[in-house]
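J.: Let me see the structure of the following:
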Amino acid sequence: MKISGGRAVVEVLQKENVNKIFGVPGESYLDVLDSLYQHPRIEFISTRHEGGASFMAEGYAKASGKVGVCMATRGPGATNLSIGLHTAQQDSTPLVALIGQVDRPHKNREAFQEIDLAAYFSHLCKWTVEIDRTERIPELLHRAFHIARTGRPGPVLVSLPEDMLTEIAEVKELHSYHICPPEPNDFAIKQAVDEMMKAKRPIIIAGGGVIQSKATTYLIRMAESLQVPVSTAFRRLDAFPNSHPLYAGSLGLSNTPGLVDYVQKADLVVAIGTRFSQITSQDYTLIGENTRLIHVDISPDVIGKVYAPFLPVVSDSKVFLQKVLKEIEKSEAPERKNLIKELHEKYMEFSTPKPEYSDDYVDMDGMMYDLVKQLPKDSILTCDAGNFFSWQSRYYRFEEENTFIGPTSGAMGYGLPAAIGAKLSKPEKTVVSFSGDGGFMMTLQEFETAVRYDIPILAIVVNNNMYGTIRMHQEKHHPDRQIATELTNPCFSELAKQFGGYGERVERNAEFLPALERALSSGKPALIEVMTNPEIISANHKKVRHERI
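T.: The predicted model follows:
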């Protein structure tokens, strides 16, 4: 059939089962917007900044398990969008970014807002492509979705010249396609089982691949059958239920005492669906010389990038675990019982918040004590990057998969827009974002987006009027020589009200729990501003200033 390029794009989006698109409307893709007007099944969520749009799409993809979609105009819009694409790349999140581009005859003349989109984003994305012929839209756009969700998922950027979108052409109808996930061979499964059975000091590291393949149930069964302790990779806190007796804690910036030492001295590490990021691997020092590594990942490119395994297994995490379960018999492993018990007890002690309260400010230990008791267990929590995260990661125990959404890339400004995306995917869930004042100011304008679309998330803003992480590093490396980290802020709770949402400022612990109850029952996008002591920057160091940490 003969249709415009803009309509051809929307037809593909429908076939790919896209329900939400996040973006800032731009003149370079007006024909796509016009075609969306005629297809009300796809909702365009108009955001206040392209960075917020890409974070929303990334959070939506994580919560839904689908490919997230965001849109931006060329030049400034595209570059603003890039932070979310980088986050999706480091987090292995399936994402398709559709970017308007200059007219084809205007290319390479430094036209208005022109950049070479495919080249600019080539190292940030799994694949970049510019569609220069209308009739190829179905072919290349379906391929973009296929690449985004296949293997190690990630972002794909599609550049759409404006005149190509308005052109009428004969377009062949194609369909979405999916491939079966890769499977390990029987020999690899038997070898993996043998190694786990005979190891004296083993540990499993569960990463994002476990979450994306919805394999937590199978991981629990395997760990229980073989009696192997489980840790989770950085910001993959929900890959294994945290209260389970086999859970040893998360590998990241705030580790359970003794966990890193245990892993470094382990005789066997079974890494499932993790790329061994710099933070998970403790600056690439995690695996000892005498440790045997079984590395299971859906992408062969990940295996061997950081550590050379003695047994590489290219497989989807769920498929690997299902095959292992068919091979194994229950093992008592009595020699491991004391190790497992000690690891879990240390984690439980480390992760239990204390009811420490203050009348002069909000003590974060006490706040987390109240929050943990109040929130439903299936709540979805998102986060920014910042030192406030040390309280969230240490004291909040995640018991269900797909209940934590955070950027392994360490992107500031992520928490609020990611919560909006997650809530749109799971409207029945309580969704709470955590941010520091520094990160929240980077995307606070998206609170208006939540109000406009009636998306009742709760934003908790931990306000100490500083870039706390950088201040911590300054005081560690350059005591008494702090620079550029002190901030001033508006009253965030009043801003929330001005936007049309619900807002409260909490200045002491006794005020927090009543404020939380009112915010959750308000039915509106809500914000609680928590005023904390700037002298206490981290959950692990109650007195930071003038102290080497």
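J.: Now do stretch 233-247, average pLDDT.
T.: On average, the pLDDT along stretch 233-247 is 97.
J.: And for stretch 167-187?
T.: Averaged across stretch 167-187, pLDDT comes to 94.
J.: residues in contact with that stretch?
T.: With CB atoms under 8 Å, 6 or more residues apart in numbering as the test, stretch 167-187 has contacts from 1-5, 8, 11-12, 15-17, 133-135, 137-139, 142, 145-146, 149-150, 192, 213, 296, 298, 313-316, 318-320, 323. Bear in mind the C-beta positions are built from the backbone N, C-alpha and C, glycine included.
J.: Out of the residues you listed, which sit inside strands?
T.: 2, 3, 4, 296, 313, 314 (DSSP state E).
J.: Would you enumerate the residues in contact with the fourth one?
T.: Residues in contact with residue 296, defined by CB under 8 Å, 6+ apart, are 184, 192, 209, 270, 271, 272, 273, 313, 315, 317, 320.
J.: Okay, and the beta partners of it?
T.: Residue 296 has these beta-bridge partners by DSSP bridges: residue 272, residue 313.
J.: buried ones in the helix or strand of the chain with the lowest mean pLDDT?
T.: Least confident helix or strand of the chain, by mean pLDDT, DSSP states H and E, is helix 468-477 with a mean of 79. Buried residues in helix 468-477, counted by 16 or more other CB atoms under 10 Å: 468, 469, 470, 471, 472, 474, 475.
J.: next one: the helix or strand following it to chain centre, how far?
T.: Per DSSP states H and E, helix 468-477 leads on to helix 492-499 as the next helix or strand towards the C-terminus. Remark: helix 492-499 is offset 27 Å from the chain centroid, using CA atoms, centre = their mean, to the nearest Å.
J.: ditto for stretch 358-369
T.: That offset, for stretch 358-369, works out to 27 Å (CA atoms, centre = their mean).
J.: how about that stretch: buried residues?
T.: Quick answer for stretch 358-369 (16+ other CB under 10 Å): 358, 361, 362, 363, 364, 365, 366, 367, 368, 369.
J.: try stretch 370-389
T.: Buried residues in stretch 370-389 (16+ other CB under 10 Å): 370-371, 375, 379-389.
J.: next one: stretch 189-206
T.: 189, 191-193, 195-196, 199, 201-206.
J.: among those residues, which two are most distant?
T.: Farthest apart among those by CB to CB are 189 and 201. That separation is 22.1 Å.
J.: Using CSV, write out every CA atom in stretch 31-40.
T.: The C-alpha coordinates for stretch 31-40 follow below in CSV (Å, rounded to 0.1, in the frame of the first residue of the first chain):
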residue,chain,number,x,y,z
ASP,A,31,4.4,13.3,10.2
VAL,A,32,5.0,10.6,12.8
LEU,A,33,3.1,12.7,15.4
ASP,A,34,0.3,13.3,12.9
SER,A,35,0.1,9.5,12.2
LEU,A,36,0.0,8.8,16.0
TYR,A,37,-3.0,11.2,16.2
GLN,A,38,-4.9,8.7,14.0
HIS,A,39,-3.7,5.7,16.1
PRO,A,40,-5.0,6.3,19.7
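J.: Show the pLDDT at residue 387.
T.: Confidence at residue 387, expressed as pLDDT, is 86.
J.: can I get the CA coordinates of stretch 512-521 in CSV?
T.: In CSV, the C-alpha atoms belonging to stretch 512-521 read as follows (Å, rounded to 0.1, in the frame of the first residue of the first chain):
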residue,chain,number,x,y,z
PHE,A,512,8.1,11.1,58.3
LEU,A,513,5.7,8.2,58.9
PRO,A,514,2.5,10.4,59.0
ALA,A,515,3.7,12.3,55.9
LEU,A,516,4.4,9.0,54.1
GLU,A,517,0.9,7.8,54.9
ARG,A,518,-0.7,11.1,53.7
ALA,A,519,1.4,11.1,50.5
LEU,A,520,0.5,7.5,49.6
SER,A,521,-3.2,8.1,50.2
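J.: Could you shift the numbering so residue one becomes 32, and keep it that way?
T.: With the count now opening at 32, the last piece we talked about shows up as stretch 543-552.
J.: How about residues contacting it?
T.: Residues contacting stretch 543-552 (CB under 8 Å, 6+ apart): 393, 397-398, 401-402, 405, 461, 489, 533, 535, 537, 557-559, 561.
J.: Tell me the spacing between residue 34 and residue 196.
T.: 11 Å (CB to CB, to the nearest Å).
J.: Looking at the two, which one has more neighbours?
T.: Between residue 34 and residue 196, counted using other CB atoms under 10 Å, residue 196 has the larger neighbour count: 27 against 18.
J.: Give me the buried positions along the helix or strand hosting that one.
T.: In the assignment (DSSP H and E), residue 196 maps to helix 193-197. The neighbour-count check on helix 193-197 (16+ other CB under 10 Å) flags 193, 194, 195, 196 as buried.
J.: now residue 240, what's its secondary structure?
T.: helix (DSSP: H, G, I helix; E, B strand; the rest coil).
J.: does it really touch residue 348, like I thought?
T.: Yes. The pair residue 240 / residue 348 is scored as a contact, 4.2 Å apart, by CB atoms under 8 Å.
J.: pretty sure residue 469 is in contact with residue 517, am I right?
T.: No. If you go by CB under 8 Å, residue 469 and residue 517 don't touch, sitting 10.7 Å apart.
J.: So, low pLDDT: which residues of this protein?
T.: Within the chain, the segments meeting pLDDT under 70 span 361-364, 572-580.
J.: Go ahead and report the secondary structure state at residue 560.
T.: strand.
J.: number of nearby residues for it?
T.: 26.
J.: what is it paired to in the beta sheet?
T.: Beta-bridge partners, per DSSP bridges, of residue 560: residue 492, residue 536.
J.: residues contacting it?
T.: Contacts of residue 560 by CB under 8 Å, 6+ apart are 492, 494, 522, 523, 524, 534, 535, 536, 537.
J.: quick one: which of the residues you listed has the most company?
T.: Most neighbours among the contacts of residue 560, by other CB under 10 Å: residue 492, with 29 neighbours.
J.: Just to check, that residue is in contact with residue 469?
T.: No. In this structure, residue 492 is not within contact of residue 469 by CB under 8 Å, at 10.2 Å.
J.: which other helices and strands contact the helix holding residue 196?
T.: Applying 3 or more CB pairs under 8 Å, 6 or more residues apart in numbering; DSSP states H and E, one finds that helix 193-197 contacts helix 36-46, helix 61-68, strand 126-132.
J.: How far off centre is the last one?
T.: Okay, so that is strand 126-132. Distance, stretch centre to chain centre, for strand 126-132: 20 Å (CA atoms, centre = their mean).
J.: Report the strands that pair with it, each with its relative direction.
T.: In the sheet, strand 126-132 lines up with strand 99-103 (parallel), strand 186-192 (parallel) (DSSP bridges).
J.: where do the helices sit along the stretch 382-531 of the chain?
T.: With DSSP state H, counting those that start in this stretch as the definition, the stretch 382-531 of the chain shows helices at residue ranges 395-405, 420-426, 446-456, 468-474, 477-483, 499-508, 523-530.
J.: will you turn these into JSON lines that also has distance to residue 107?
T.: What follows is those, written out as JSON lines (distance: least, CB to CB, whole Å):
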{"stretch": "helix 395-405", "distance to residue 107": "38"}
{"stretch": "helix 420-426", "distance to residue 107": "30"}
{"stretch": "helix 446-456", "distance to residue 107": "18"}
{"stretch": "helix 468-474", "distance to residue 107": "17"}
{"stretch": "helix 477-483", "distance to residue 107": "18"}
{"stretch": "helix 499-508", "distance to residue 107": "27"}
{"stretch": "helix 523-530", "distance to residue 107": "24"}
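J.: Out of these, which gets nearest to residue 140?
T.: Per CB to CB, nearest to residue 140 of those: helix 468-474, 34.1 Å.
J.: burial count for the spatially closest residue to residue 106 that is not a sequence neighbour?
T.: Of all residues not flanking residue 106 in the chain, residue 144 sits nearest, at 3.0 Å (CB to CB, 6 or more residues apart in numbering). Look at residue 144: counted by other CB under 10 Å, it has 18 neighbours.
J.: Could you give the bridge partners of residue 126?
T.: residue 99, residue 186.
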